[in-house]
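> Generate a structure from the sequence data that follows.
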Amino acid sequence: RAFMSAASYLLERGPGGALALLEIDDFRAVGLRFGQAATDEVVIAFAQFLNVMLQPGHSVARLEGGRFAMLLPDAHQHSAYALIEEIISTFARVTTGSSGGSSGSAGVVKASAGVATIAGSLDSILAKAERGLVLARVSGGGRAELGDESPSYLAPSSRGKRNSGSIDANHRLAHKGYRA
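All right, here's what the predicted structure looks like:
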């Protein structure tokens, strides 16, 4: 509820910013293969990871299961995309290095994301972010897609662009005691 209130507030102040839907790939398969304790471990680890990666002014909330939403109030579309793509790729690198525990034995735990700019109704923003998430997942997962425009695989030049506002993920993780 608090997250939706924050999103509504951002809409009231006018267009600008971005919303991302992030989901742990193959979340149900992890549960079926390794049990509820493993899915709990993965959700907790992903939530902690997202909190480490947050920049000032950003917020994150768990929506359900392995799905989270992140508000990026002052991010432009492509800087938001670059940030979320960096979060997704860093999470895959971090989980590749994990050892022990149920989730570590599952191999690489990946996540996917859909990013939408904050403009229009909350329903339309969520629908665009959901569209991006679906595009990311059907493209093999472990990636982010913009829900506001054509998928990146249709416009290869948009893939891999980095904005000067992107984060130094390894520095953030090291500062919080994590290793990428």
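
> So which residue is smack in the middle of the chain?
Centroid-nearest residue in the chain: Leu22, 3.6 Å away (criterion: CA atoms, centre = their mean).

> Just the residues contacting the helix or strand hosting it, thanks.
Element membership of Leu22 [criterion: DSSP states H and E] is strand 18-24. Identification of contacts with strand 18-24 by CB atoms under 8 Å, 6 or more residues apart in numbering yields 7, 30, 42-43, 46, 50, 63, 66-72, 75-77, 80-81, 84, 87-88, 109-118, 125-126, 129-130, 132-133, 137, 144. (C-beta placed from N, C-alpha, C; glycine too.)

> So in the protein, where's the weakest helix or strand by average pLDDT?
Lowest on mean pLDDT, DSSP states H and E among the helices and strands of the chain sits helix 101-105, with a mean of 40.

> what's the following helix or strand after it?
Sequence-wise, the next helix or strand downstream of helix 101-105 (DSSP H and E) is strand 111-117.

> That next one versus strand 18-24: what angle between them?
Angle, strand 111-117 to strand 18-24, by axes from the mean of the first three to the mean of the last three CA atoms, to 10 degrees: 170 degrees.

> and Tyr146, how many residues sit next to it?
One correction, residue 146 is Leu, not Tyr. When neighbours are counted by other CB atoms under 10 Å, Leu146 registers 28.

> Correct me if wrong: it contacts Leu133.
No - between Leu146 and Leu133 there is no contact under CB atoms under 8 Å: 10.7 Å.

> Which elements pack onto the longest helix seen in the chain?
Counting residues, the longest helix found in the chain (DSSP state H) is helix 77-96. Judged by 3 or more CB pairs under 8 Å, 6 or more residues apart in numbering; DSSP states H and E, helix 77-96 is in contact with strand 18-24, helix 36-53, strand 67-72, strand 111-117, strand 144-146, helix 169-175.

> Arg1 is nearest to which of these?
Nearest to Arg1 among these is strand 67-72; the distance by CB to CB comes to 12.3 Å.

> Which strands or helices does the helix or strand encompassing Leu10 pack on?
Leu10 belongs to helix 2-12 when assigned by DSSP H and E. Secondary-structure packing of helix 2-12 (3+ CB pairs under 8 Å, 6+ apart): strand 59-64, strand 67-72, helix 122-138.

> rerun that using 10 Å as the cut-off
Here helix 2-12 touches strand 18-24, strand 59-64, strand 67-72, helix 122-138, going by 3 or more CB pairs under 10 Å, 6 or more residues apart in numbering; DSSP states H and E.

> which of those is buried the deepest?
Among the helices and strands packed on helix 2-12, judged by mean count of other CB atoms under 10 Å, the one packed with the most neighbours on average is strand 18-24 (a mean of 26).
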